[in-house]
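In: Please find the sequence and the predicted model below.
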Amino acid sequence: MTTTPTFDSVQIGDAIPSFETPPLSRLTLALYCGASGDHNPIHVDIDFVKKAGMPDVIAHGMLSMAWLARVLTNWVPQTALRAYSVRFAAMTQVGERITCAGKVVEKFERAGERCVRLELSTTNADGQVKLTGDAVVALR
Amino acid sequence: MIDKRFIGHVMPAFSAEVEKGRLRFFAKATGQTDPVYADEAAARAAGFPSLPVPPTFLFCLEMEAPDPAAIRNLLGMDYRTLLHGEQGFTYHRMAFAGDTLTFEQRIDDIYDKKGGALEFVVLKTRVTNQRGEDVAELRAVTVIRNKVESA
């Protein structure tokens, strides 16, 4: 990990380091199914999905939320994380590369701690927003 | 329509153990390469007693309720109409492999929009550790898409 940012070094509007995932594979969905305990067949079983009249499986929303959390824990140690929430706006599909990004939108003090609020998103290569979110991180 | 008298309903509490192997598996599945989340020596070097529970994994442990369908059945929700609309976490302290976490779920709100075409159930879950300390609060919004006859 690089140096942890400080409250004074961070400005409103700053983007924090983002990343793009590899194209989403069925293997990743199978691994997340097992690791998360979410065994809903809609995410892994194409036979089930086709019988239900859908073209293909869809990714777990919480897999995207876990990716987006990596943007936060790449930037600060998890001990600094105070709150993290997302809204699921669109389904993520097999084969999509997802960009996970965040930027600082507010600096404030709360309960004796200096904090920043971040706006977060996941988007596909066409710029379609899949998740929007925000997080509160305490900084020294 | 979901009966709004269930607002405030509290589900029976349950506990889940945080397992090291499961955390390593979760790190692999989510592309997490930071060794703190999979290598115990790295976790200890970071000042942790063992592998830390990553930010969203509490949601996975919450799914280990003895009956995962209990809330759906209580409210009479058809799983085929459900969408996970929002998920939030408020963190109080970290949890680690070896902890036993207790989950207390409460139906915080039930409301509808668009003349009942969309219903919303807000579930809040308090998570405490084996010492009775607050770990986190989870907030999940489930959306129910109803077929509404046009008037």
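Out: Noted; the coordinates are in hand.

In: can we go C-alpha only for contacts and neighbour counts from here?
Out: Fine.

In: Is there any residue in stretch A:115-127 that contacts chain B?
Out: No. Stretch A:115-127 stays clear of chain B (Cα under 8 Å from any Cα of the partner chain), getting no nearer than 12.9 Å.

In: buried sites along that stretch?
Out: Under the neighbour-count criterion of 16 or more other Cα atoms under 10 Å in any protein chain shown, stretch A:115-127 has A:115-124 buried.

In: Nearest to A:Ala66 among those residues?
Out: Checking the buried residues of stretch A:115-127 against A:Ala66 by Cα to Cα gives A:Thr122 as the nearest, at 11.0 Å.

In: Assumed the closest one was part of a strand.
Out: Yes. Counting by DSSP: H, G, I helix; E, B strand; the rest coil, A:Thr122 is part of a strand.

In: ok, what's across the strand from it?
Out: Beta bridges link A:Thr122 to A:Cys100, A:Leu131, judged by DSSP bridges.

In: Now do it against chain B, distance only.
Out: Distance of A:Thr122 to chain B, computed by Cα to the nearest Cα, to the nearest Å: 14 Å.

In: got the contact list for that residue?
Out: By Cα atoms under 8 Å, 6 or more residues apart in numbering or on different chains, the contact list for A:Thr122 reads A:64, A:68, A:98-101, A:129-132.

In: ranges for the helices of chain A?
Out: Secondary structure of chain A (DSSP state H): helices located at A:26-36, A:46-51, A:61-75.

In: Just send those helices back as a markdown table, with mean pLDDT and mean neighbour count too.
Out: Converted to a markdown table, the helices of chain A look like this (pLDDT from 0 to 100; neighbours: other Cα atoms under 10 Å in any protein chain shown):
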| stretch | mean pLDDT | mean neighbour count |
| --- | --- | --- |
| helix A:26-36 | 98 | 19 |
| helix A:46-51 | 96 | 14 |
| helix A:61-75 | 98 | 22 |
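
In: Same list (those) but as JSON lines, adding distance to chain B.
Out: Listed next are the helices of chain A as JSON lines, based on distance: least, Cα to the nearest Cα, whole Å:
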{"stretch": "helix A:26-36", "distance to chain B": "5"}
{"stretch": "helix A:46-51", "distance to chain B": "12"}
{"stretch": "helix A:61-75", "distance to chain B": "6"}
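
In: Out of the contacts of A:Thr122, which is nearest to chain B?
Out: Distance to chain B across the contacts of A:Thr122 (Cα to the nearest Cα) is lowest for A:Ser64, with 8.5 Å.

In: Just want the residue of chain A that's nearest chain B.
Out: Nearest to chain B in chain A, going by Cα to the nearest Cα, is A:Ser85, at a distance of 3.8 Å.

In: residue contacts, the closest residue to that residue other than its chain neighbours?
Out: Nearest non-adjacent residue to A:Ser85, counting by Cα to Cα, 6 or more residues apart in numbering or on different chains: B:Gly88, 3.8 Å away. With contact taken as Cα under 8 Å, 6+ apart, B:Gly88 is in contact with A:83-86, B:138-140.
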